[in-house]
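Novice: Fold the following, please.
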Amino acid sequence: MKKNILIALMLLGGVFTISAQNNPEKSVEKTTELNEVAIIKTKKAIEQKADRTIFNFADQPSLNTGSVLEGIKKLPGLIASDIAGMMYQGKQLDVFMDGRPLNISTNELNSFLEGMPANAIEKIEIITQPGAEFPATSGGAILNIITNKNAKNYLSATYTNSTSFTSYDDIRWRMNNSLLLSAKNKYFGWQLNLGQNYRESAVWTSLEKQENNTISLLSSTDADRVGRNNYIKSALTFDIGKDRLLLNYDLTQNNNDSYAIGKGPNFSTNDASVSTGLRQDAVVTYQKKFDNTAKKLEFKFNYNSNENNFELSPIANSSATLDNSSNQNLYNFKFDYSQPLKFSDEGKLSFGSLYEELLFDAQSKGVRNLDYRRRTAASYLELQTKFDKVNFIVGGRAEDYNITGNTDTAELTAFKQFRFFPNASAQYNFNKSIYFNLNYNKKITLPSTSALNPNNTNYQNPNIDYSGNPNLQPTIFNNYEVKLSAFDYAFISYNISSAKNQVIQRVTLTDDVVVNSNENIPEIKIHNFSVGMPIPYMLFTKGLEETMKMNVNPDTMNFLYVYAGYQYHQIPNVDTNGFWMFNFMSQIVLPKQIKFVANYNYIIPKGNYFYFIAVKPFRNALDLTFSKKFLKDQLTLSIYADDILNGNKNAFSSYETPLLISNKMDSRKFGFSLNYKIPTKNKLAKENPNLLNKDKKEDSGILNQ
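Specialist: Okay, here's the model as predicted:
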């Protein structure tokens, strides 16, 4: 009986592979005929691999109509918030962009992602089992935001726009525009992506003390915010014989204003804050090519600078309450080499080295109160091979750390250690579409500079204070996972992440002053169980046997995708509760080829997120999107409504603290977006240039690295 149930579940997932190589939302691009040769390009909406899950943003209006942060929050199994941080299926996420760490976290990270339009993203990879080739500092898992585009031998131009408004208590507007240009000839390829994001928003926050059956208000704030973000991403690639030289330069500039009215016992405030930032990222990559394309050698140098300024002052007083700034510079050099194994058709040997230096300093009213330096040297070796139906990956990474620094009053606790991080993975392939995984890796997370920064870069009043902790220590992770996957969409998995010295956000109460800071907790284990299953609606009308016979185009299929996950944070000497997460995504193709997508996310309350307990559902949002293509698929128009039930109202209590923390954002939003592939003289420009890079090492035609 159990065997029959398992077979039925796998067949159910297999419905989505009929006639289109799998996946319900995989777009099959129009065929362009040239000299009687048909060119067909395909992309998958979700792709499950042994070590990662890939979400295609470029072709999904339900994900790419707002900001990157809004799109990420809709992904099943992912939690993103100021309180809980960013987690995927129980694992803390280290956020990368185009394969490089952003080196920012918490509020600063959320602000960065909120200011970046989702239509600038091609896809997002969530690497749940980072191998030895990835830095050991990736911690539990990696969220890699990919903006890479493929350049073709013609000029390609695409304009995108998204305009929306919220209407909780007032009309607030949000708008982003971007233009993507790319081309390639026999000498070089180039790409330019530039755009802007303007957003108005509001947030209402209250802090209450609940003690001895009495409730007293500590702080209540009403904040109106205006965010402005501009970005330029540029790339050049030169073919030097068989080799390739790639040059990338990215610039992101933000200017955010906030006006907050606060009140509490014996005080009332009316403050304005200005937050500005400038992030620059430059990369030089040299790729050595060989006659055997599976053999690769790559050298890469990366320089990154990140400057931030924050000023808070009463509107009626020109004297600043807070005037804080920080400056971060990162230098990174690495090389990677891989070659196939003669005794294995799918085997390869990879090794490489890395040297990195990070310099960070923070100032408060012109006084430098943190000088932080981090040096990392690393080497890795990894072997991949296959025997019969089993794939094996075994690797190890050695990293040496030298972390020093000082505040304006004392030296930091130095961290000078050499550590070895093993990883191993085994995958049994039942067939090309069904496989079973066992994974283990050991990782480390170094405290982010935003968590170390002793200066407050948030709103404060007499009863609210924020501060970093310069003496945070690294966290060591042991990650275990078992996973059964079928046809990219259907899967069931269980993983456990065991951490030492986990860095968490902690809220404490001292003399009615709420202090937000970060600290290490000695030990924590996070258990996560997840299951996902696609259900075609024709299953209920035609039955399983007839559904399996259908020759169906996934773009015309009506289906429901169901995801459920259970997460439990196990903290010694703390009584914690687990929680369930649910995601339901339904696609219905209406007359005139109008595609309707409904996405509902719900997280059950009463569960623990480290030391926070959710009093209300952590996420409770219903999003609707209608989209249609015009002008021979050159123009895509979408109309959307996010959080139409206005259900996102967060409330948390804090462990061993009589606090209730509540906040509400104007998250109910209505708007439209359009994506227009601008016609050029070459008719091939009608073809979508944003192709899925199927292999993580594949680089043909790619400009960003």
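Novice: what are the ranges of the helices in this structure?
Specialist: 2-14, 61-64, 68-73, 106-114, 449-452, 538-549 (DSSP state H).
Novice: averaging pLDDT over each of those helices, which comes out lowest?
Specialist: Among these, helix 2-14 has the lowest mean pLDDT, at a mean of 37.
Novice: For stretch 235-252, C-alpha coordinates in CSV please.
Specialist: The C-alpha coordinates for stretch 235-252 follow below in CSV (Å, rounded to 0.1, in the frame of the first residue of the first chain):
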residue,chain,number,x,y,z
ALA,A,235,29.7,44.6,-18.6
LEU,A,236,32.2,44.0,-21.4
THR,A,237,33.6,40.7,-22.6
PHE,A,238,36.5,40.2,-25.0
ASP,A,239,37.5,37.0,-26.8
ILE,A,240,41.3,36.7,-26.7
GLY,A,241,42.0,33.7,-29.0
LYS,A,242,40.2,30.9,-27.3
ASP,A,243,40.3,32.7,-23.9
ARG,A,244,37.9,35.3,-22.6
LEU,A,245,38.3,38.5,-20.5
LEU,A,246,35.3,39.9,-18.7
LEU,A,247,34.9,43.3,-17.1
ASN,A,248,32.0,44.2,-14.8
TYR,A,249,31.1,47.4,-13.0
ASP,A,250,28.0,47.9,-10.9
LEU,A,251,26.9,51.1,-9.1
THR,A,252,23.9,51.5,-6.8
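Novice: May I see the buried residues of that stretch?
Specialist: 235, 237, 244, 246-248, 250, 252 (16 or more other Cβ atoms under 10 Å). Glycine gets a C-beta too; all of them are placed from N, C-alpha and C.
Novice: Next, give phi and psi for Pro462.
Specialist: phi -60, psi -20 (degrees, to the nearest 10).
Novice: Excluding chain neighbours, what is closest to it?
Specialist: Phe267 (4.9 Å; Cβ to Cβ, 6 or more residues apart in numbering).
Novice: how long is stretch 611-626 end to end?
Specialist: End-to-end distance of stretch 611-626: 40 Å, with Cα to Cα, to the nearest Å as the criterion.
Novice: and what of stretch 427-447?
Specialist: Using Cα to Cα, one end of stretch 427-447 lies 33 Å from the other.
Novice: re the thing from before, can you pull up the bridge partners for the residue nearest to Pro462?
Specialist: Gly264 (DSSP bridges).
Novice: And for the one 4 residues further on?
Specialist: With DSSP bridges applied, the residues forming beta bridges to Asp271 are Ala260, Pro314.
Novice: Near it, how many residues? Count them for me, please.
Specialist: Asp271 sits with 22 neighbouring residues when counted by other Cβ atoms under 10 Å.
Novice: just the one 10 residues further on next, same as before
Specialist: Using other Cβ under 10 Å, Asp281 has 20 other residues around it.
Novice: Could you check how far it is from Gly99?
Specialist: Distance, Asp281 to Gly99, by Cβ to Cβ, to the nearest Å: 12 Å.
Novice: now do Met581
Specialist: Using Cβ to Cβ, Met581 is found at 28 Å from Gly99.
Novice: cool, Leu322 as well?
Specialist: Taking Cβ to Cβ, one finds Leu322 at 35 Å from Gly99.
Novice: Please tell me I have it right and Asn463 contacts Leu217.
Specialist: No. When contacts are counted by Cβ atoms under 8 Å, Asn463 is not listed as touching Leu217 (9.4 Å).
Novice: Overlap of the contact sets of those two?
Specialist: 207, 264-265 (Cβ atoms under 8 Å, 6 or more residues apart in numbering).
Novice: want to throw the buried residues of stretch 235-252 into JSON lines with distance to Pro534 and pLDDT?
Specialist: Listed next are the buried residues of stretch 235-252 as JSON lines, based on distance: Cβ to Cβ, whole Å; pLDDT from 0 to 100:
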{"residue": "Ala235", "distance to Pro534": "36", "pLDDT": "91"}
{"residue": "Thr237", "distance to Pro534": "38", "pLDDT": "92"}
{"residue": "Arg244", "distance to Pro534": "39", "pLDDT": "92"}
{"residue": "Leu246", "distance to Pro534": "38", "pLDDT": "94"}
{"residue": "Leu247", "distance to Pro534": "42", "pLDDT": "95"}
{"residue": "Asn248", "distance to Pro534": "37", "pLDDT": "93"}
{"residue": "Asp250", "distance to Pro534": "36", "pLDDT": "93"}
{"residue": "Thr252", "distance to Pro534": "37", "pLDDT": "93"}
